[in-house]
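> Show me the folded form of this:
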Amino acid sequence: MLNKKNNKLVVISAPSGTGKTTLVNLLVEKNSEFKFSISHTTRKKRPNETDGKDYFFIDSPKFNELISREYFAEYAKVFGNWYGTSKKNIKSNLEKGEWVILELDWQGASQIRKNESNCLSIFLLPPTKRHLSDRLNSRSTDTKDEIRQRLEEAVSDMSHWTEFDYVVINDDINKAFKKIENILRGKGEESSISNMQHRKRIMKIIESN
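This next block holds a predicted model:
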């Protein structure tokens with residue numbers, strides 16, 4: 001399936017509530033070539049999460065220690081919690097000839113793009129801001145204040161779409177998955193930010209209420 005001309009690091013980023021995790025899980029499930037790089041976080045573990053599978057859950061002192069040791073390829077504070085990606089895990093998988101997929105916020109994606117020239121970056125957008133609001137409000141794990149904060153930051157995050165190679169609009173999970181597959185096959189022209197028709201669709205979303 002994948003375009004194996006080069007071993008690549010693939011970064012997928014999106015505002016909160018856009019379906020990023022679901023799409024990343026589908027990619028790893030359906031493509032054995034992909035290795036998902038598990039991030040470290042100081043966030044509390046949710047009931048449906050497993051340490052070492054979803055994240056490496058650590059406390060703030062340990063996270064600060066890893067920063068001082070230059071352990072992370074990228075790290076950022078999101079919603080009051082720290083997240084970071086191990087340099088060692090990325091390097092070891094790439095050296096094996098495997099593709100590494102990183103699920104990051106735009107801040108982490110920016111750091112990776114600066115340090116990894118062979119990085120392919122994909123940004124996900126909701127079909128409308130209203131759709132994003134509905135998704136966030138349907139979550140049972142967040143309080144009303146957390147949802148409000150996530151929505152405000154999500155709208156702000158959307159403005160960073162121009163920093164990525166491709167933008168995929170997730171109005172349907174299966175269609176979005178196919179578009180990402182096409183990108184990885186080297187056939188993602190319709191999702192490229194250089195595609196003027198695509199840029200017009202994106203701007204309608206950004207400017208929507």
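
> And whichever strand or helix holds Met203, what does it pack against?
Using DSSP states H and E, Met203 maps to helix 196-207. The contact analysis (3 or more C-beta pairs under 8 Å, 6 or more residues apart in numbering; DSSP states H and E) places helix 196-207 against strand 166-169. Yep, even glycine has a C-beta here, placed from its N, CA and C like the rest.

> CA atoms only for the strand it packs on - export them in PDB, please.
What follows is strand 166-169, C-alpha atoms only, in PDB (Å, rounded to 0.1, in the frame of the first residue of the first chain):
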ATOM      1  CA  TYR A 166      -1.900  17.800   3.400                       C
ATOM      2  CA  VAL A 167      -5.300  18.600   4.900                       C
ATOM      3  CA  VAL A 168      -8.000  15.900   5.200                       C
ATOM      4  CA  ILE A 169     -11.500  16.900   6.000                       C
END
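
> mean confidence score for that strand?
Across strand 166-169, pLDDT averages out at 97.

> in which helix or strand would I find the residue of the chain most remote from its centre?
Residue farthest from the centre of the chain, counting by C-alpha atoms, centre = their mean, is Pro61 at 25.4 Å. Per DSSP H and E: Pro61 is located in helix 60-68.

> next SSE after that helix?
Following helix 60-68 in sequence order, the next helix or strand is strand 72-78 (DSSP H and E).

> residues making contact with that next one?
Contacts to strand 72-78, defined as C-beta atoms under 8 Å, 6 or more residues apart in numbering, come from residues 40, 63, 66-67, 82-87, 90, 104-105, 107-109, 111-112, 115-116.

> Can you tell me which of the residues you listed end up in strands?
Here DSSP state E is the test, and the contacts of strand 72-78 give 40, 82-86, 104 as lying in strands.

> Make a markdown table from these and add distance to Ile206 and pLDDT to it.
Formatted as a markdown table, the ones in strands among the contacts of strand 72-78 follow (distance: C-beta to C-beta, whole Å; pLDDT from 0 to 100):
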| residue | distance to Ile206 | pLDDT |
| --- | --- | --- |
| His40 | 32 | 96 |
| Trp82 | 28 | 96 |
| Tyr83 | 25 | 95 |
| Gly84 | 29 | 96 |
| Thr85 | 27 | 94 |
| Ser86 | 33 | 94 |
| Leu104 | 20 | 91 |
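
> still on that earlier bit, buried ones in the helix holding Met203?
Neighbour counts over helix 196-207 (16 or more other C-beta atoms under 10 Å) mark 198, 202, 205 as buried.

> One more: stretch 86-101?
Neighbour counts over stretch 86-101 (16+ other C-beta under 10 Å) mark 86, 89-90, 93-94, 99-101 as buried.
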